[in-house]
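Asks: Provided below for reference: sequence and predicted model.
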Amino acid sequence: MQVGYPVRYRYLRQFDLSNDTWSECPQERALDSLLQLLRNGVHLKTLKIDKWRNNSNRPGLTEAVAQLKHLECLTIQGAVPFPSDLTLPLESKLTKIYLHFYSLNRPLTFDKELSRFCDSLKELTIVGCMSYHGSQHVYPNVTRLSQRGGSVDNLSALALAQIFPKLSSLVINLDTDRVGSAALETIRRDNLRQYEEASLPKLSYLRGTPTDLYILGIAHEVTQVEITGLSVLSRQFVPTIMQPVHLSLYVELNHFTAESLVSLIPAERSSELRLRWLRLRLYMRGGPYNSYEGLLMDALYQILSILPVTHLTLFMMCKSRSIFCKETQWESFLKKTTPTSIGMTIAKKMRHLVRLRVEIEGREPVYVEVRRSADETADPSLHDLPDTQSWLRG
């Protein structure tokens, strides 16, 4: 939108300043444009800004931000440091906040920065180092929290329960690479103890790496679980107590064999599993074998023989490699095969499946319903479904 049309700004309800034009624009010119927008776009409900730098001394900024009485959703990406110059003057009742910032020193205190939104906030995403300890406020309406980045010491099960008593959806991706095994065990024990001693809210959705979920120590069933970064090394941390109905696994393997894939599936206590929906995202570099279709079918047959799955999603792609490396056999396999052929092979072998979704990187996915005739020896038929929602309703 061009500067020079302030009358039109009053009709704006959402505005996105995260494109390349804004990022590459000289700072003075960009700020002048933003100030004019904020002064006149008083009915904005959604505002998104990229690559924000602290401008608290900019004349007129505080007053302009304070005028946004109707703002509900605020997204700030790539801020250095925390964008207090934008959040502090706000008097609106924000319901959704997405903040991506770089903290130059110590972790920021959650309460100090966001407590004025404690009554209105419903959804919060933090990408940066934020500490949740010592909060003096309760956020009674927050049901969705995503915390990416930051130390494991700054987040605990008890702190989450006290600050967000109605939390039902949690995404975590903490910095655990430099944390020793002894420290991880200590944090996990503390969280497990807190679950026993306090009445903590039960989550319906949880996403994180195996290490994140392990140290958090969730001690109840969770309906939908997504485990990212699942590999041979991280498999030991996968908890089994959550017993999901929907399970998504983001698998990373350098060398694919049926045994390596099967070993990653958390199928202990399989007789007690509630699992019905399984989503496998396979990231492969390749392997020493040629018959990938046979290996893949063998692995899936073993997995689904111990899991009571009726809905399966399979997404296959290659992990990034140098342009100087020659094509792997896994890449060759993905180029030659099709989602439909993979789907038919799976449907023939896994006779208890009723819904199937197959996707290969860079191609349209196939959504199908598996129908079987009264003759058990006959091949099943695959019926295309028009969209994802039709697939989910099965």
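Replies: That came through fine.

Asks: do a quick rundown of the helices in this protein.
Replies: 6-9, 20-24, 27-40, 61-66, 84-87, 110-114, 157-163, 181-197, 210-216, 258-262, 292-306, 329-336, 339-349, 388-392 (DSSP state H).

Asks: now do the first one, average pLDDT.
Replies: Average pLDDT, helix 6-9: 67.

Asks: ok, the last one next?
Replies: Taken as a whole, helix 388-392 has an average pLDDT of 52.

Asks: turn the helices of the chain into JSON lines, including mean neighbour count and distance to Leu145.
Replies: Every C-beta, even on glycine, is put in place using the N, C-alpha and C of the backbone. Conversion of these to JSON lines gives the following (neighbours: other CB atoms under 10 Å; distance: least, CB to CB, whole Å):
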{"stretch": "helix 6-9", "mean neighbour count": "13", "distance to Leu145": "33"}
{"stretch": "helix 20-24", "mean neighbour count": "11", "distance to Leu145": "28"}
{"stretch": "helix 27-40", "mean neighbour count": "17", "distance to Leu145": "28"}
{"stretch": "helix 61-66", "mean neighbour count": "17", "distance to Leu145": "25"}
{"stretch": "helix 84-87", "mean neighbour count": "19", "distance to Leu145": "17"}
{"stretch": "helix 110-114", "mean neighbour count": "19", "distance to Leu145": "11"}
{"stretch": "helix 157-163", "mean neighbour count": "19", "distance to Leu145": "7"}
{"stretch": "helix 181-197", "mean neighbour count": "14", "distance to Leu145": "16"}
{"stretch": "helix 210-216", "mean neighbour count": "23", "distance to Leu145": "12"}
{"stretch": "helix 258-262", "mean neighbour count": "17", "distance to Leu145": "32"}
{"stretch": "helix 292-306", "mean neighbour count": "18", "distance to Leu145": "31"}
{"stretch": "helix 329-336", "mean neighbour count": "16", "distance to Leu145": "36"}
{"stretch": "helix 339-349", "mean neighbour count": "18", "distance to Leu145": "35"}
{"stretch": "helix 388-392", "mean neighbour count": "13", "distance to Leu145": "24"}
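
Asks: which stretch among those helices comes nearest Gly134?
Replies: Closest to Gly134 of the helices of the chain, according to CB to CB: helix 110-114, at 7.3 Å.

Asks: mind giving me the packing neighbours of that closest one?
Replies: helix 84-87 (3 or more CB pairs under 8 Å, 6 or more residues apart in numbering; DSSP states H and E).

Asks: TSV please, covering the helices of the chain and showing distance to Ser234.
Replies: Output for the helices of the chain, formatted as TSV (distance: least, CB to CB, whole Å):
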stretch	distance to Ser234
helix 6-9	49
helix 20-24	35
helix 27-40	42
helix 61-66	43
helix 84-87	36
helix 110-114	28
helix 157-163	21
helix 181-197	12
helix 210-216	4
helix 258-262	13
helix 292-306	18
helix 329-336	21
helix 339-349	26
helix 388-392	29
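
Asks: among those helices, which comes closest to Val222?
Replies: With CB to CB as the measure, helix 210-216 is the member of the helices of the chain nearest Val222 (9.4 Å).

Asks: packing partners for the closest one?
Replies: strand 169-175, helix 181-197, strand 224-230.

Asks: quick one: low-confidence residue ranges for the stretch 101-250 of the chain.
Replies: 103-109, 199, 240-241 (pLDDT under 70).

Asks: just send the helices and strands packed on helix 210-216 back as a markdown table, with distance to Gln67 too.
Replies: Listed next are the helices and strands packed on helix 210-216 as a markdown table, based on distance: least, CB to CB, whole Å:
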| stretch | distance to Gln67 |
| --- | --- |
| strand 169-175 | 32 |
| helix 181-197 | 43 |
| strand 224-230 | 40 |
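
Asks: how about these, which one is nearest Asp153?
Replies: helix 181-197 (7.5 Å).

Asks: who does that closest one touch, helix- and strand-wise?
Replies: When contacts are defined as 3+ CB pairs under 8 Å, 6+ apart, helix 181-197 sits against helix 157-163, helix 210-216.

Asks: can I get those helices in TSV with distance to Asp175?
Replies: Formatted as TSV, the helices and strands packed on helix 181-197 follow (distance: least, CB to CB, whole Å):
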stretch	distance to Asp175
helix 157-163	17
helix 210-216	10
